[in-house]
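Novice: the following block contains a protein sequence and its predicted model.
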Amino acid sequence: MSSQTTAQKSSHAALTVAALGVVFGDIGTSPLYALKETFSPHHGIALTEAAVLGGLSTVFWVLMFVVTLKYITLVMRADNHGEGGTMALLALVFASTKDHPNWKPYLLMLGVLGASLFYGDAVLTPAVTVLSAVEGLEVATSAFKPYIVPIALAFIVGLFALQRGGTSRIGAVFGPITIVWFLVLCISGINGILHNPHVLLALNPIYAFHFLTDHGFASFLILGSVVLAVTGVEALYGDMGHFGKGPIRTAWFVLVFPALLLNYFGQGAVILKDPTTIANPFFHMFPDWALYPIVILATLAAGIASQATIAGAYSLTKQAVQLGFLPRLKVVQTSANEIGQIYLPGLTFVLMIAVVLIVVIFQSSSALASAYGVAVTGDMLVTSCLTFFVIYFGWKIPLPLCIASTGLFLCIDIALFTSCITKVFEGGWLPILIAMTMFMLMTTWRKGRDILFQRLRASSVPLDALLPSLFISPPTRVPGTAVFLTATPEATPHALLHNLNHNKVLHERVVFLTVEVSNVPWVDIKEACEIEDMGNNCYRVVITFGFMNPPDIRLALAACAEKGLSFNIMETSFFLSREKIVPVATLDSGMPMWREHLFATMARNAGTAVDHFNIPTNRVIELGTQVEI
C-alpha cells in the first residue's frame, strides 16, 4: 500500500471520528427522550406488545427513510461546492434557476423560512438535551428532583461561557467522548435485546403500518413524538463542508445507525418487560451502580449536541450576513488554522438568555418535546422543497423521476410537520414564534437594503459621467491612494463628493472599491479581484468573496498586486460613507412604517464596516450621509 493511500485512509478515519463529535451529537442524544415521548401515556395508547413493536418499527423506518435515504443518499449530493446547509442550498437553487428569475422571490422566502426555523432548533436543542440528561438523576433517587433545573441551568451557562475560547479548545475531545457514548448505546441496547429478542420483529414494516392506522387520530398525533428520533438530521447536511460526504456516511453506517437502532430496540425490550419504566426507559436500561456515570456521560453528550447546534448557528449567521440577510455582526476568529472556528459574542448572549428562559419556563424535557418537533420538521420540509429545484433544474433529471424521489420525502415531511403543528398550544408555539421573529428580521433587512441601494442610486451621479467632467479642470491632487468603498460600482460614492466639497483635493490615485458576495461558498482570493482602469490614475475594483470567505479587504488588495495594482497600506486612506436611515411615510416607501423603523434600528446597531472588512482603523475616514426611505 502506498504512503499516499495510507495518508488518505488516515485522514478519512480522523475526519470520521471528528464528525461523530460534531455532526451526530444531536441525533445521537435522541434516545434520551424519543422513545419516552413516543410511548407517553398522554397519547392514550395502551402499552401492549403490538403497540411497543409498532412504535419501534415506526422509529426504525423513519430513520431509514428520513436519514438514510433522504439526507445520506439524496440531499448530501446537492452540495454547493462541498458546502451544505440551508443558505448554501438556497444559493445553489438560485444558480440552478437563473433562467427563471420570476421564481426568485418565492424561493428566497422559502430559504429564509428554513433558516429561521433552524434558529428555533438552535435554542431548543441545548434545553431539551441537557434537561433529558440531567433528569436521569431522578431515576437514581427522587431526592434530586428539586435540583434538576438548577443543575441544567448551571451546565448551560457554563457551556455558553466556553464559547469565548472557541470550540477548537474542546473539539479534540468531542470525537472520543461521542465514540464512548455510541458504544454505550450499543452495549446497553444489546443487553436489553438479549433479555427479549422478540423486539427484533419490529423490523417488519407491517408493525409500523398497524401502529399508524389502528389507533385513529392518536396514531397521527404520535408522529410528532416519533420525529424526535431524527432531531439533528439537518446537521448531516449543514456540516458537510467541514468533514466531507465520505466521513459522514461512514460514521452513520458503521457506528451511529447501528447504535441508535440497538438502543431503541433495547429500550423497547425494557418497556415490554416492565411497562412502568416508560417514565424514563433509557436510564432504566442500566443497573443502579451505573446510573451516576451514565448521567455524567449523557450530560457530556448533551453538551456536545448543544455545542454542535451553537456552532451551526454561528455558521448560518455568518452566511446570512455575507448574503445580505442580516446586518453585520462582530465575528471573532478563535483558531488560526480553522476558518470555521468562529465566535459571535452578540449571538451567544442572545442564545444563552433564550435557552435559560426556556428551561425556567418549561422545567422538563417532556414539556419541551412538542416544541422541538415543529422546528425540526419545518426545516426538513423546506429542504425537500429546495432539493427538488436543484435536481430538476440543476441536474436536469426528468420531471417524473424528480417528483417520485422528492415527492415521497415531501409526503413524509408533511405528515410529520402537520402532526407537530397540532401541538402548537402545548409548546409548538415557541419555535414558530422564534422562526417568525427571525423571518421578520431577515426579510426586513434584505428589503431595507434593496430600498437603501435604490435611494442611493437615485440620488447619486453616474461615475462614468462625473470623472471626465471632473478632470476638465482637475482639483489639486495630493500624494497617496484614496479607496472609496461603494455598494453601487456604477454610482459616484457620496464620500467622494463630500471630500471634494469640503477638502477641495483628490489623491494622486483613486480606487472605487465594491465588495460583492457570490452564490458559491469559496472564491480563490487570487481570482476575486477585477480591475478596470478608468483613466487619470483612477480605478474601479470589484472584489468577489464566497459566502463562506472571510471578507478581508487587506488580503484582497494584496492579491491585486498580481494584476498590476499594488497597495501600500500605510499610504492608503479608506473613505467610507455612514448612512443615517431616516424613515419617512411616503407612498413609494416600499415598506410599512414599523418595518422602516425596525430597519433603521438594525442599521444603527450593525457592526462597523471597518471590523467586518478588516480595514486598518487608523487609515479610515468616515463621512456621513442621510438617506430617507
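Specialist: Cool, got the structure.

Novice: which strand or helix spans residue 488?
Specialist: Per DSSP states H and E, residue 488 falls between elements, in no helix or strand.

Novice: might you report the residue contacts of it?
Specialist: The contact partners of residue 488, by C-beta atoms under 8 Å, 6 or more residues apart in numbering, come to 453, 456-457, 460, 514. C-beta: built from backbone N, CA, C; applies to glycine.

Novice: let's see 7 Å
Specialist: The neighbours of residue 488, taking C-beta atoms under 7 Å, 6 or more residues apart in numbering as the test, are 453, 456-457.

Novice: so, low pLDDT: which residues of the stretch 151-300 of the chain?
Specialist: Low-confidence regions of the stretch 151-300 of the chain, defined by pLDDT under 70, span residues 165-174.

Novice: show me where it has its helices.
Specialist: Listed from the start of the chain, the stretch 151-300 of the chain has helices (DSSP state H, counting those that start in this stretch) covering 168-195, 205-213, 217-226, 234-238, 240-243, 245-251, 257-273, 291-322.

Novice: need the winner for burial among those.
Specialist: Counting by mean count of other C-beta atoms under 10 Å, helix 234-238 has the highest mean neighbour count of the helices of the stretch 151-300 of the chain, with a mean of 27.

Novice: what helices and strands are in contact with that one?
Specialist: Other helices and strands packing on helix 234-238, by 3 or more C-beta pairs under 7 Å, 6 or more residues apart in numbering; DSSP states H and E, are helix 291-322.

Novice: switch to 10 Å and redo it
Specialist: Secondary-structure packing of helix 234-238 (3 or more C-beta pairs under 10 Å, 6 or more residues apart in numbering; DSSP states H and E): helix 3-22, helix 25-28, helix 86-96, helix 104-134, helix 245-251, helix 291-322, helix 365-389.

Novice: how about TSV for the ones you listed, with distance to residue 345 added?
Specialist: Below are the helices and strands packed on helix 234-238 laid out as TSV (distance: least, C-beta to C-beta, whole Å):
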stretch	distance to residue 345
helix 3-22	21
helix 25-28	23
helix 86-96	21
helix 104-134	16
helix 245-251	30
helix 291-322	11
helix 365-389	24
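
Novice: deepest of those, which one?
Specialist: Of all these, as judged by average neighbours under mean count of other C-beta under 10 Å, the leader is helix 25-28 with a mean of 28.

Novice: what's the average pLDDT for that one?
Specialist: Averaged across helix 25-28, pLDDT comes to 84.

Novice: which strands or helices does it pack on?
Specialist: In terms of contact count using 3+ C-beta pairs under 10 Å, 6+ apart, helix 25-28 is assigned the packing partners helix 3-22, helix 104-134, helix 168-195, helix 234-238, helix 257-273, helix 291-322.

Novice: low pLDDT regions in this structure?
Specialist: Scanning the chain for pLDDT under 70 picks out 1-10, 165-174, 333-341, 585-589, 628.

Novice: what does the domain assignment say about it?
Specialist: If you go by automatic domain parsing, the domain ranges for the chain are 19-446, 462-628.

Novice: quick one on the thing from earlier: just the contacts of residue 488: which are in strands?
Specialist: Secondary-structure check on those using DSSP state E: no residue lies within strands.

Novice: how about the residue of the chain positioned farthest from its centre, what does it touch?
Specialist: Checked against the mean C-alpha position of the chain, the extreme residue using C-alpha atoms, centre = their mean is residue 473, at a distance of 53.9 Å. Counting by C-beta atoms under 10 Å, 6 or more residues apart in numbering, residue 473 makes contact with nothing.

Novice: got phi/psi on it?
Specialist: Geometry field for residue 473 lists phi and psi as phi -130, psi 80, criterion degrees, to the nearest 10.
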